[in-house]
Structure formats: structure tokens, C-alpha cells
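Novice: Okay, here's the prediction I keep looking at, along with the sequence it came from:
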Amino acid sequence: MAAEGKRQGEARDESDRLFTGSIAETYDAYLVPLIFEQYASDLAGRTAALVPDAVLEIAAGSGVVTRAVAPMLEPGTRYVVTDLNRPMLETATSKQPNPESIEWQPADAVDLPFEDSSFDIVLCQFGVMFFPDRLGAYAEARRVLRPGGAFIFNMWDRIEENEFAHVVTRAVGEIFPDEPPGFLARTPHGQHDPDVFRSELGAVGFDDVSIETLDAISAASGPEIPAIAYCQGTPLRNEIEAHDAPDLEQVTENVAIAIARDFGGGAVEGRIRAFIINAR
């Protein structure tokens, strides 16, 4: 029984990292403007303010941070953008103005293919929660940083502080009560203790760690937008499609009804909250 549980957990962890096919496209079209763009602008400003000579972005996803950071860097700055997921990196490249000015490279955050002390900043937006070995990734970020360099990343706060994600999780759980899909609570919102961040970063040698809380508003033209964003643009889709019925479209429609019930049937707004971590 223990071995079977371990296999199921490993399969679930792997499914949580699958942003493939139309998930990547829907993620960029719906989820990025819904919850990621504001935080990308914040990270871009923090990065540019340090006037780095070399920046490494890990777990870049579909490139929302890349698009925000690149125009703010000084001419001649080396900017390397990586992601383990090739479809995401291809999406990022295709959407980037002047992509030739950036070095694009598939890379695993826990085994970075770069020399020691190569970068002034390692940057990561909402990717750390997907790493199978967070301490290993933190250690790699520290290894490739130059003395005095900064590892800047963000993490979502608990799901209750991120209203659309919370309502979506509750609504999908009501549709599948015997096996409620828990991706959103488990992975994006599953690590939200600043003391744990500080302890883990300290364990690999970061001795100057600052953590800020940043609130924002997630807005959409209608309740169907967050329903599509979360149900079809994240690995929650994998959990929904693992059930025979109802199908993905019906689940998405039911979730939109739940969002409308809580936030109204027209334009909707929900609170979102994240932590910004700067480790040196």
C-alpha cells in the first residue's frame, strides 16, 4: 500500500508540471493577463533597479516576465531565459519582440548548465513551487550567482487569499466530490510560509533574505474568463480530464456559474496575494 501511494504521489507530481499542448496556449492567453502580468511588472522593476550585467531567468513559462524585463535592461546586458518545458519556452520565444537579443535555453533549475558566478541576478516568477527539489534549485541559483548577486522570486500566498483560485477549487470539488481535484491548493498555493522560505534559503547559504507581501486585483470581463484560465490553462485540466464525465467544457461552464454566483455575471474582480523574496 505504501509503495502504491508513493507511485500515485509521483504520478500526481509529474502531472502537476505538465503544461503541454493547448494548456500552454490557454495559460498565456487567459491566465497570464488575469494574474501574472502585474507581478511580472513588479519583478521587472526590481531587476532593472539593480542595473545587472547578466540575468538568468529560470522556469520562464510563456515569457510574461521576459517580455517585461527585456526592455528595461541596459543595452549589452546578457539575458538568458530558461525553462524545462519546451512548449512553454517555444511560446515565450514566439511572443518576444526581438527574441534574438535573448539567449533561450531549455534547462532544469536543479541542474543548471552554467558556470559558477555567471550572473548578477537569478529571476523566477511563480516557478519555485513546481521544482521537485526546491533546496537543490536554491543551491543552483546561489552557485551561478556572483558575489553580492540576488535571487529574486515570488510565491503565491495561501489559496484563501487568492479568490478566483479558491472558488474554482471549491466548485470543481463539488463536481467531483469522491476525488476532488486539488492542483491549485496543492501546488501553486501549497507552499506559503515565509519562515519556510527563509529557512530553506538559509540552509543553502543565502544569509540576507527579505520577504514582502504584495496584494493585487485580478480582473476579467466576465466569469467565464477565470473559469477557462484555471480549468483549461493549468494542470488542473489534467485532473478534470482524468474523469469520464462531465467533460472539460461542462466543468468549465459550471465553474463560471460558481464564479458568477460569488462575483457577479458581468465584469469580475478578485483579490490575489503573493510574496516577493529577495535572497542575497
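Specialist: Thanks, I have it.

Novice: Helices of the stretch 1-150 of the chain, start to end?
Specialist: 2-16, 22-26, 37-49, 64-69, 86-95, 134-144 (DSSP state H, counting those that start in this stretch).

Novice: Buried deepest among those helices, which one?
Specialist: Greatest average neighbour count among these goes to helix 64-69 (a mean of 25), per mean count of other CB atoms under 10 Å. Placement of C-beta: from N, CA and C, glycine included.

Novice: what about the strands in the protein?
Specialist: Applying DSSP state E to the chain gives strands spanning 54-57, 78-83, 103-106, 119-125, 145-156, 209-220, 268-279.

Novice: and the residue nearest to residue 231 when sequence neighbours are not counted, what does it touch?
Specialist: Nearest residue to residue 231, sequence neighbours excluded (CB to CB, 6 or more residues apart in numbering): residue 252, at 4.5 Å. Each residue near residue 252 by CB atoms under 8 Å, 6 or more residues apart in numbering is listed here: 224, 227-228, 231-232.

Novice: Could you measure from residue 252 over to residue 236?
Specialist: Distance of residue 252 to residue 236, computed by CB to CB, to the nearest Å: 10 Å.

Novice: Same question for residue 41.
Specialist: Per CB to CB, residue 41 is found 26 Å from residue 236.

Novice: Just give me the neighbour total for the spatially closest residue to residue 58 that is not a sequence neighbour.
Specialist: Nearest residue to residue 58 in three dimensions, chain neighbours excluded: residue 109, at 4.5 Å (CB to CB, 6+ apart). By the measure other CB atoms under 10 Å, the count of residues near residue 109 is 25.

Novice: same check, this time on residue 249
Specialist: Applying other CB under 10 Å, we find 11 other residues in the vicinity of residue 249.

Novice: ok, back up a step: of the helices of the stretch 1-150 of the chain, which is nearest residue 247?
Specialist: Among the helices of the stretch 1-150 of the chain, the nearest to residue 247 by CB to CB is helix 22-26 (14.4 Å).

Novice: just to revisit the earlier point, using JSON lines, lay out the helices of the stretch 1-150 of the chain together with distance to residue 274 and mean pLDDT.
Specialist: Output for the helices of the stretch 1-150 of the chain, formatted as JSON lines (distance: least, CB to CB, whole Å; pLDDT from 0 to 100):
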{"stretch": "helix 2-16", "distance to residue 274": "19", "mean pLDDT": "43"}
{"stretch": "helix 22-26", "distance to residue 274": "21", "mean pLDDT": "84"}
{"stretch": "helix 37-49", "distance to residue 274": "6", "mean pLDDT": "98"}
{"stretch": "helix 64-69", "distance to residue 274": "13", "mean pLDDT": "97"}
{"stretch": "helix 86-95", "distance to residue 274": "20", "mean pLDDT": "90"}
{"stretch": "helix 134-144", "distance to residue 274": "17", "mean pLDDT": "98"}
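
Novice: is it true that residue 134 touches residue 199?
Specialist: No - contact criterion CB atoms under 8 Å: residue 134 and residue 199 do not qualify, at 11.2 Å.

Novice: gap between the closest residue to residue 153 other than its chain neighbours and residue 185?
Specialist: Of all residues not flanking residue 153 in the chain, residue 124 sits nearest, at 3.9 Å (CB to CB, 6+ apart). Applying CB to CB, the value for residue 124 to residue 185 is 21 Å.

Novice: Same question for residue 254.
Specialist: Per CB to CB, residue 254 is found 18 Å from residue 185.

Novice: Now do the same contact list for the nearest residue to residue 158 once chain neighbours are set aside.
Specialist: Excluding the flanking residues, the one nearest residue 158 by CB to CB, 6+ apart is residue 192, at 4.6 Å. With contact set as CB under 8 Å, 6+ apart, residue 192 has these partners: 155-158, 275.

Novice: Return a ChimeraX selection command for the buried portion of those.
Specialist: A single ChimeraX command selects the buried members of these (16 or more other CB atoms under 10 Å):
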select :155,156,157,275
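
Novice: ok, residue 55 - how many residues close by?
Specialist: 25.

Novice: any idea of the pLDDT on the residue nearest to residue 158?
Specialist: On the pLDDT scale, residue 192 is placed at 94.
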